[in-house]
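Novice: Here is my input, please return the structure:
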Amino acid sequence: MPVINSLAALEPEMREWRRWLHRNPELQFDLPKTSGFVADKLRSFGVDEVHEGIAETGIVAIIEGQGDGPTIGLRADMDALPIHETSGVAHSSETDGKMHACGHDGHTTMLLGAAKHLAETRNFAGRVALIFQPAEEGGGGGDVMVREGIMDRFGIGQVFGIHNVPGVAEGVIQTNPGALLAAVDEFNFTIRGVGGHGAMPHETKDPVVAAVGLATALQTVVSRNHKATDDLVLSVTQIHAGTANNVIPGEAKLSGTVRTFAAEVRDMAEARIRAIGAGIAATYDVEVDLFYDRGYPATINDPDKAGFAVDVAREVVGADKVEPDTTRQMGAEDFSYMLEARPGAYVFLGIGEGAPLHHPDYDYNDAVSPVGASFFVKLVETAQPLR
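Specialist: Numbers count the residues shown, from 1 in each chain. This is a model prediction of the structure:
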């Protein structure tokens, strides 16, 4: 079964939806225009229920099938990023400093297309729960929606999601039967010393030298504390200190990110970061405070649901365009919270060549919207067929 004909015919309309969303980006939980647009479309499609205000601006819409059956969840994220767009496309962001640089406008469009088709055809048993989520980009909206009880409230038994991928051939679907994306943690050090004249360092306790030593020492967590066969990334991404060339400051700040898959590796990395911070304090005679934030958990597919998603993908795009054992990646995704709550799978959808995700020149490829929408529809119709 290739891309559904009615969804292929819907592509011009889906393009209009997506480009409206692209012109009107909003951040994290503050999505009044975006969620209003989605809710209006859903009602115009004739879905049975539209539940708004979940996780502030999230939506869960229900479409009833024909006859009794379980409920399958389909998720799309809606928020943009705080980036100034430089793509130059005609539908560029109309809000300076905000843009859809990760394609969530495309994800929302794919799920809206699926919603329209499913509401019209209802060629399935049970129910579909369409999950439109805010705040994937750092706000943990997926976690909030789960904690607010959407899985139990709507009886969701399994859940699926899609993310677009630039640089992968248009229409190729990738996934794997286990860990797909990493857990993400952040560390933020404040180093307090004694400032003074740059010509008299002996009268100071230099936090800059301590910060440089800390940055170097943290690299040993990867090079000396973990097995080379375990995935671990530790990157120092910020160092801030000082205001003048002839002044040793009294304080320095150092921050970064940790990416892992295994719980024991995550625990080890945090423990070593804390220990190294304490060691730096003693070595350089400074005060070192650490705020360590455990962020999104690893995105881990259920093996059976991933296999099911692969079978459906082969029906939609053909076996030659499905990669069922793609390499896991060190990026993170808060769909992980939904996969912790219910079995399911996350897949990547190639959109062809173009600027990478989170780049100011990025733009989603509208040609793949019918592909993603067809995949969502076939998941429902295959998982919950009419008897």
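Novice: could you pull out the helices for the stretch 1-150 of the chain?
Specialist: Under the criterion DSSP state H, counting those that start in this stretch, the stretch 1-150 of the chain contains helices at 5-9, 11-23, 32-45, 104-121, 141-147, 150-153.
Novice: For Ala199, which of these is the nearest?
Specialist: Among these, the nearest to Ala199 by C-beta to C-beta is helix 141-147 (51.1 Å). For glycine as for every other residue, the C-beta is placed from the backbone atoms N, C-alpha and C.
Novice: CA atoms of the closest one as PDB?
Specialist: This file holds the C-alpha atoms of helix 141-147, laid out as PDB (Å, rounded to 0.1, in the frame of the first residue of the first chain):
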ATOM      1  CA  GLY A 141       6.000  19.000  27.500                       C
ATOM      2  CA  GLY A 142       5.800  15.300  26.900                       C
ATOM      3  CA  ASP A 143       6.600  14.700  30.500                       C
ATOM      4  CA  VAL A 144       4.000  17.200  31.600                       C
ATOM      5  CA  MET A 145       1.300  15.600  29.400                       C
ATOM      6  CA  VAL A 146       2.100  12.200  30.800                       C
ATOM      7  CA  ARG A 147       2.100  13.500  34.400                       C
END
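Novice: Now the residue nearest the centre of the chain. Its backbone dihedrals?
Specialist: Against the mean C-alpha coordinate of the chain, by C-alpha atoms, centre = their mean, the closest residue is Glu333 at 3.2 Å. For Glu333, the backbone dihedrals are phi -160, psi 130 (criterion: degrees, to the nearest 10).
Novice: distance of Glu136 from Thr109?
Specialist: Per C-beta to C-beta, to the nearest Å, Glu136 is found 15 Å from Thr109.
Novice: So if I had to pick from those two, which one is more boxed in?
Specialist: For the pair Glu136 and Thr109, the greater number of neighbours falls to Thr109 (30 against 25), based on other C-beta atoms under 10 Å.
Novice: mind listing what the more buried one touches?
Specialist: Contacts of Thr109 were listed using C-beta atoms under 8 Å, 6 or more residues apart in numbering, and they are Met14, Trp17, Arg18, Leu21, Asp366, Ser369.
Novice: Apart from its neighbours in sequence, what residue is nearest it?
Specialist: Taking C-beta to C-beta, 6 or more residues apart in numbering, and ignoring the residues beside it in sequence, Thr109 has Arg18 as its nearest neighbour in space, at 4.1 Å.
Novice: Can you classify Ala244 by secondary structure?
Specialist: Reducing the assignment at Ala244 to three states with DSSP: H, G, I helix; E, B strand; the rest coil gives coil.
Novice: What's the separation between it and Asp206?
Specialist: In this view, Ala244 and Asp206 are 14 Å apart by C-beta to C-beta.
Novice: Please apply the same query to Asp366.
Specialist: Taking C-beta to C-beta as the criterion, Asp366 is separated from Asp206 by 54 Å.
Novice: how about low-confidence regions in the chain?
Specialist: When residues are selected by pLDDT under 70, those of the chain lie in 1.
Novice: now with 90?
Specialist: Low-confidence regions of the chain, defined by pLDDT under 90, span residues 1-2, 138, 227-230, 387.
Novice: domains for it, by residue range?
Specialist: With automatic domain parsing as the criterion, the domains of the chain are listed as 5-180+299-383, 183-294.
Novice: right, and Val316 touches Lys378 too?
Specialist: Yes - proximity of Val316 to Lys378 meets the contact threshold set by C-beta atoms under 8 Å, at 5.7 Å.
Novice: Show me which of these two is the more surrounded one.
Specialist: Higher neighbour count among Val316 and Lys378: Val316, with 24 against 20, using other C-beta under 10 Å.
Novice: Tell me the spacing between that one and Gly331.
Specialist: Val316 sits at a distance of 24 Å from Gly331 (criterion: C-beta to C-beta).
Novice: just Lys33 next, same as before
Specialist: Taking C-beta to C-beta as the measure, Lys33 falls 27 Å from Gly331.
Novice: Counting by contacts, list what the longest helix anywhere in the chain packs against.
Specialist: Secondary structure of the chain per DSSP state H: the longest helix is helix 263-284. Contacts of helix 263-284 with other secondary structure elements, assessed using 3 or more C-beta pairs under 8 Å, 6 or more residues apart in numbering; DSSP states H and E, are made with strand 183-192, helix 207-218, helix 220-224, strand 232-241, strand 251-260, strand 287-294.
Novice: That helix versus helix 207-218: what angle between them?
Specialist: Compare the direction of helix 263-284 with that of helix 207-218 by axes from the mean of the first three to the mean of the last three C-alpha atoms, to 10 degrees and you get 150 degrees.
Novice: Taking their axis directions, helix 263-284 and strand 183-192 sit at what angle?
Specialist: Using the same axes, to 10 degrees: helix 263-284 against strand 183-192 is 10 degrees.
Novice: quick one on the thing from earlier: tell me who's in contact with the residue nearest to the centre of the chain.
Specialist: Neighbour list for Glu333: Glu136, His163, Leu181, Tyr296, Thr299, Tyr346 [criterion: C-beta under 8 Å, 6+ apart].
Novice: so how far is Glu270 from it?
Specialist: Computed with C-beta to C-beta, the distance linking Glu333 and Glu270 is 21 Å.
Novice: and what of Tyr364?
Specialist: As defined by C-beta to C-beta, Tyr364 lies at a distance of 36 Å from Glu270.
Novice: Specify the beta-bridge partners of the closest residue to His163 other than its chain neighbours.
Specialist: The shortest distance from His163 to any residue other than its chain neighbours is 5.6 Å, reached at Phe348 (C-beta to C-beta, 6+ apart). Taking DSSP bridges, one finds His163, Gln174 as the beta-bridge partners of Phe348.
Novice: No more questions from me, cheers.
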